[in-house]
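1. build the 3D model from these lines:
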Amino acid sequence: MCRATSSASTGRRPPTPHRAGVSDDGSGIAAVLELARAMSRHEFPNTVVFIAFAGEEEGPISSTLYAERARRDGAKIEGVLNNDIIGTDIAGDGRRNNRAVDVRSGDPADLPSRTLARYVKSAAERYFPAMRVNPVFRDDRCGRAGDHTPFDRAGYAAVRFTPLRRTSRISTTRQIHSRMPRVHRAGCPRERSGDLESC
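-> Below you'll find the predicted structure:
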């Protein structure tokens, strides 16, 4: 399970010294921390690693380093679940949908990432049917990469959880908090937990 911290951008985006980071991606980090807390009471046959990568807005730098090292060391990684902006359920067009999530996975169709995306949908339908999982068979938006991308490119199964529709730019922490209903924050982490518990 992973998610990235946001920071002031360099390179492809103009610098923003006061980024709130609550939605992008404090929500993903909060979910990873809550999953670590809740799942610490259980034993699993495999090791579950919880990571907050840094610098994703500048490119998936720290996740790339981690994935490259894992591949070089021959690490066995069953799957990477990247929680990206999961705490916002109001789209740029004002529509609300807190019971659905996109699960993105890369090409081609026979990659382990596609299999993981299909498995996530199946597990969510079985363990948390109120949450609709929409598989998106594309790694990311055009010209973009998330922290799951380096793992996918290294041959590991990796998917990215995002809201169905990306939100419009929100400029203040108050606006971000006002758009983060409790039911959405609670629903998404529970779904991820079901994915792991069913393994």
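2. and the average pLDDT for stretch 99-112 is what?
-> Mean pLDDT, stretch 99-112: 85.
3. kindly report the same for stretch 153-162.
-> Here the average pLDDT along stretch 153-162 is 91.
4. mind listing what's buried along it?
-> Within stretch 153-162, the residues that qualify as buried by neighbour count (16 or more other CB atoms under 10 Å) are 153, 154, 156, 157, 158, 159, 160, 161, 162. In short, each C-beta sits where N, CA and C put it, glycine included.
5. alpha carbons of it, in PDB - could you do that?
-> Provided in PDB are the C-alpha atoms of stretch 153-162 (Å, rounded to 0.1, in the frame of the first residue of the first chain):
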ATOM      1  CA  ARG A 153       7.200  -1.000 -15.500                       C
ATOM      2  CA  ALA A 154       9.400  -3.300 -13.400                       C
ATOM      3  CA  GLY A 155       7.000  -6.200 -14.000                       C
ATOM      4  CA  TYR A 156       5.100  -6.100 -10.700                       C
ATOM      5  CA  ALA A 157       1.300  -6.000 -10.400                       C
ATOM      6  CA  ALA A 158       0.400  -2.400  -9.500                       C
ATOM      7  CA  VAL A 159      -2.900  -0.400  -9.600                       C
ATOM      8  CA  ARG A 160      -3.900   3.200  -8.800                       C
ATOM      9  CA  PHE A 161      -7.100   4.000  -6.900                       C
ATOM     10  CA  THR A 162      -8.600   7.400  -7.800                       C
END
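6. contacts for that stretch?
-> 67-68, 70-71, 77-86, 101-106, 111-113, 115-117, 120, 139-140, 146-149, 151-152, 188, 192 (CB atoms under 8 Å, 6 or more residues apart in numbering).
7. filter the residues you listed down to the ones in strands?
-> Residues of those located in strands (DSSP state E): 80, 81, 82, 83, 101, 102, 103, 104.
8. who wins for neighbours among those residues?
-> Comparing the ones in strands among the contacts of stretch 153-162 by number of neighbours (other CB atoms under 10 Å), residue 82 comes first, having 31 neighbours.
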